[in-house]
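Structure here, sequence nowhere to be found:
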């Protein structure tokens, strides 16, 4: 497991085909979680993602802006640890 507070650093240190799942906050400094995931998909198109956010988001509008992104896993903060682990495990199955 790798953790980053800086999406630019996460992108620069990303190793293609090394990860099974990414947990990405939607709102981060310098670039959104969606932008980060779009860039990572260019080098690893099979990487799965779960987005996480405390904000209310219009999923239909997001699908129009980011048509290539899958929004199957979206976790609303605050989240209980048990639920977070359950959702991430389900994504890995």
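That came through, no problem. None of these values were measured; they are calculated from a predicted model.

all contacts plus neighbour counts: C-alpha atoms, from now on.
Will do.

my guess is residue 29 contacts residue 7, does it?
Yes - look at residue 29 against residue 7 with CA atoms under 8 Å: they come within range, at 7.5 Å.

Which one of the two is surrounded by more residues?
The neighbour count for residue 29 versus residue 7, taken as other CA atoms under 10 Å, is higher for residue 7 (20 against 10).

So that one versus residue 38, what's the distance?
Going from residue 7 to residue 38 by CA to CA, to the nearest Å gives 12 Å.

got it, and residue 90?
22 Å.

In three-state terms, how would the residue minimising distance to the centre of the chain be classified?
Nearest to the mean C-alpha position of the chain, by CA atoms, centre = their mean, lies residue 24 at 3.3 Å. Here residue 24 is strand, with the state taken from DSSP: H, G, I helix; E, B strand; the rest coil.

which ones are touching it?
33, 49-52 (CA atoms under 8 Å, 6 or more residues apart in numbering).

Select the helix or strand of this protein having the lowest average pLDDT value.
Within the chain, confidence by mean pLDDT, DSSP states H and E is lowest for helix 59-65 among all helices and strands, at a mean of 75.

What ranges does the protein have for its helices?
7-12, 33-43, 59-65, 81-92 (DSSP state H).
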